[in-house]
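[1] next one to model:
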Amino acid sequence: MNKEFIPYEQALELKELGFGELCLFYYGDNQALRIYHQSEIYDDLVGAPLYQQAFRWFREKYGLYSEIFVDDNKTFGFYITSFIEEGRLDKPITRQFNTYEEAELGCVKQLIEIIDRKAEAYS
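    A predicted model of the protein is given here:
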């Protein structure tokens, strides 16, 4: 079931970017997934969002849309598209992976990198 959740390293990066939605599981001090009651959630915990929850957050907060695909060679990739200005569509980003899960993680990493670059451009 762990493969349904964003890994600790990327979950921590999401938290640093402002992700603060309630999650089913959280990473504690030992970076292990655990269910916490809402009254037990404190700042040191790192939310472990489902992939779909993280992708929704990127769409709603940053206007970044992503899609995982499989090609004729049975390799997986992703597109990331952004509507930055009205009527403008950024060039899709594509990467290739051996499994769907690798493509999901690669896509999340790329989305985080895009937000980090935008933040650096404004600082």
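[2] middle-most residue in the protein, spatially?
    Most central in the chain under CA atoms, centre = their mean is Val108, positioned 3.7 Å from the mean C-alpha point.
[3] and that residue, what does it touch?
    With contacts defined as CB atoms under 8 Å, 6 or more residues apart in numbering, the neighbours of Val108 are 6, 10, 51, 54-55. Placement of C-beta: from N, CA and C, glycine included.
[4] give me the element it is part of.
    Under the assignment given by DSSP states H and E, the secondary-structure element containing Val108 is helix 100-122.
[5] what is the mean pLDDT for that helix?
    Taken as a whole, helix 100-122 has a mean pLDDT of 88.
[6] figure out how far that helix is from the centre of its chain.
    Relative to the centre of its chain, helix 100-122 is centred 7 Å away, using CA atoms, centre = their mean, to the nearest Å.
[7] likewise for stretch 65-75?
    17 Å.
[8] next one: stretch 43-54
    Taking mean C-alpha positions (CA atoms, centre = their mean), stretch 43-54 and its chain are 9 Å apart.
[9] that one - what's its average pLDDT?
    Looking at stretch 43-54 alone, the average pLDDT works out to 93.
[10] buried residues in the one helix or strand Gly77 maps to, which are they?
    Secondary structure here is read from DSSP H and E; on that basis Gly77 sits in strand 76-82. For strand 76-82, burial by neighbour count (16 or more other CB atoms under 10 Å) applies to 76-78, 80, 82.
[11] just these now: which is nearest Leu64?
    The shortest separation between Leu64 and any of the buried residues of strand 76-82 is 5.2 Å, and it belongs to Ser82 (by CB to CB).
[12] surely that closest one meets Gly63?
    Yes. In terms of CB atoms under 8 Å, Ser82 counts as a neighbour of Gly63; the distance is 5.7 Å.
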